[in-house]
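Engineer: fold the following and give me the result.
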Amino acid sequence: MTARALVDRGLMPTLAGRDGRRLSQLASELGGLDFRIADAADRGSLTALINPGDVVISTVTPFRTLGEEVVRAAVTRGAHYLDVAPEPPHIRKVFQKWGRPAREAGVVVMPSVGFSFTPGNIAGAVALQEAGPQATRVQVAYFVLGDFEQNSFSAGVLDSVTGALFEPGLVRRGGVIEAEMPGRRERTYVIDGIERSALSVGGSEHFALAQFQPQVRDVDVYIGWLRPDPKGRSLLPKSATSTARLSPGRAITKMMHRRLVAAAEEGPDSAGRTAMVSMVVAEAQDSSGNTLSRVTLTGPNPYDLTARLLAWHASAVPNCGPQVAGAIGPVGAFGLTAAVEGARQAGLERVD
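Structural biologist: Numbers count the residues shown, from 1 in each chain. Alright, predicted model coming up:
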């Protein structure tokens, strides 16, 4: 889907992966693209693939085990880097470990481009701008609305998202990034008249929103599609989230997670994607927790939204000057006006 979105923008990406047959088929379908065999676990194949000035887009999952080698290869070869990682340990590593090498190499590295967590970065930045200097806290929540079934997530996404429930997350408190297990906190939102529960997670907003507004001291990110709504629908089964946060039974829960991923399919077809709607809610608050501004964005399903956001970012990032090199979020890289326009082109619209 990302390759198709890139071609739709007039770009001619080189496809890379382990399966030459599938690469050849996709390359042919998209008008005869170049393709290369490469493996995220093989450092040599990555460095041979990447050239200075390239834009590397990584959709390798899970990022907690496979992601860093691609970042390393991109930075070492002087290439910009984008990925779709929803996994807090990888996000933290990109910002804290690879930010300085990327800055010295004069390239941008940007994790979590897509539904997780670009819309929250943009909505949060707009809310902060509207709230003014009194805003020191941001809360962001993600939802997937509409009709969906168990196969609404592919195996790769399930592995990244549910696997991250067992890994240390992160939170920004008092201006400091701290470790915090996912799901430690819970908040309820009223969406379309329905109360929806959301669990705390780590996202790129914890780093990037403070880059945009240094006075931001506290950042919270929640996801509200892990649990069923009042009609009993859920993108993930209760077992994937209800016990993953608890010490007792973690081994059993991990086994259930492996079975869940193994049984997953390739994700929803076009009709299945059309039935889903992405939503993000961002609130800028003062130090007492009073909401000063609220921004809600809606857009297409997470898959199409992610592909379109990646394509826009890939076309825009070569124009970033050396002053924004390093690990950075979309608003810091492009400016708020351009980032909002990129989100609009991807299908995100503000509804309040």
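Engineer: Ala343 - nearest residue in space that isn't next to it in sequence?
Structural biologist: The spatial neighbour of Ala343 that comes closest, neighbours along the chain excluded (CB to CB, 6 or more residues apart in numbering), is Ile122 at 5.1 Å. To be clear about C-beta, it is placed using only N, CA and C from the backbone, and glycine gets the same treatment.
Engineer: which strand or helix spans the one you found?
Structural biologist: Using DSSP states H and E, the element containing Ile122 is helix 118-131.
Engineer: for that helix, what is the average pLDDT?
Structural biologist: Averaging pLDDT along helix 118-131 gives 98.
Engineer: tell me how far that helix is from the chain's mean position?
Structural biologist: Centroid displacement of helix 118-131 relative to its chain, using CA atoms, centre = their mean, to the nearest Å, is 16 Å.
Engineer: determine the set of other helices and strands touching that helix.
Structural biologist: strand 137-146, helix 205-212, strand 276-285, strand 291-299, helix 302-316, helix 330-334, helix 336-346 (3 or more CB pairs under 8 Å, 6 or more residues apart in numbering; DSSP states H and E).
Engineer: output it as PDB, nothing but the C-alphas.
Structural biologist: The C-alpha coordinates for helix 118-131 follow below in PDB (Å, rounded to 0.1, in the frame of the first residue of the first chain):
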ATOM      1  CA  THR A 118       1.600  11.300  13.200                       C
ATOM      2  CA  PRO A 119      -2.000  12.600  13.700                       C
ATOM      3  CA  GLY A 120      -1.400  13.000  17.400                       C
ATOM      4  CA  ASN A 121       1.800  15.000  16.700                       C
ATOM      5  CA  ILE A 122      -0.100  17.400  14.400                       C
ATOM      6  CA  ALA A 123      -3.300  17.600  16.500                       C
ATOM      7  CA  GLY A 124      -1.300  18.200  19.700                       C
ATOM      8  CA  ALA A 125       0.800  20.900  18.000                       C
ATOM      9  CA  VAL A 126      -2.300  22.700  16.800                       C
ATOM     10  CA  ALA A 127      -3.900  22.500  20.200                       C
ATOM     11  CA  LEU A 128      -0.700  23.900  21.800                       C
ATOM     12  CA  GLN A 129      -0.600  26.700  19.400                       C
ATOM     13  CA  GLU A 130      -4.200  27.600  20.000                       C
ATOM     14  CA  ALA A 131      -3.800  27.300  23.800                       C
END
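Engineer: angle of it against helix 205-212?
Structural biologist: Here the directions of helix 118-131 and helix 205-212 differ by 40 degrees (axes from the mean of the first three to the mean of the last three CA atoms, to 10 degrees).
Engineer: buried residues in helix 118-131?
Structural biologist: 118-129, 131 (16 or more other CB atoms under 10 Å).
Engineer: re the thing from before, quick check: the residue nearest to Ala343 touching Leu305?
Structural biologist: No. Counting by CB atoms under 8 Å, Ile122 sits too far from Leu305 to count as a contact (12.0 Å).
Engineer: between those two, which contacts overlap?
Structural biologist: Shared contacts of Ile122 and Leu305, defined by CB atoms under 8 Å, 6 or more residues apart in numbering, are found at Leu348.
Engineer: for stretch 179-196, measure first residue to last.
Structural biologist: 25 Å (CA to CA, to the nearest Å).
Engineer: out of the helices and strands packed on helix 118-131, nearest to Leu66?
Structural biologist: Set against Leu66 and scored by CB to CB, the helices and strands packed on helix 118-131 come closest in helix 302-316, at 17.6 Å.
Engineer: and that closest one, how far out from the chain middle?
Structural biologist: On CA atoms, centre = their mean, the centre of helix 302-316 falls 11 Å from the chain's centre.
Engineer: then that helix to CSV, C-alphas only?
Structural biologist: What follows is helix 302-316, C-alpha atoms only, in CSV (Å, rounded to 0.1, in the frame of the first residue of the first chain):
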residue,chain,number,x,y,z
PRO,A,302,-5.3,3.3,9.6
TYR,A,303,-3.9,1.4,6.6
ASP,A,304,-4.7,3.9,3.9
LEU,A,305,-3.9,6.8,6.2
THR,A,306,-0.5,5.4,7.0
ALA,A,307,0.4,4.7,3.4
ARG,A,308,-0.6,8.3,2.3
LEU,A,309,1.3,9.9,5.2
LEU,A,310,4.4,7.9,4.5
ALA,A,311,4.2,9.0,0.8
TRP,A,312,3.8,12.7,1.7
HIS,A,313,6.6,12.6,4.2
ALA,A,314,8.9,10.8,1.8
SER,A,315,8.4,13.5,-0.8
ALA,A,316,8.9,16.3,1.7
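Engineer: packing partners for the helix or strand following that helix?
Structural biologist: With elements assigned by DSSP H and E, the helix or strand that comes after helix 302-316 is strand 326-327. On a contact count with 3+ CB pairs under 8 Å, 6+ apart, strand 326-327 meets helix 88-97, helix 99-105, strand 108-110.
Engineer: and if we set it to 7 Å?
Structural biologist: helix 99-105 (3 or more CB pairs under 7 Å, 6 or more residues apart in numbering; DSSP states H and E).
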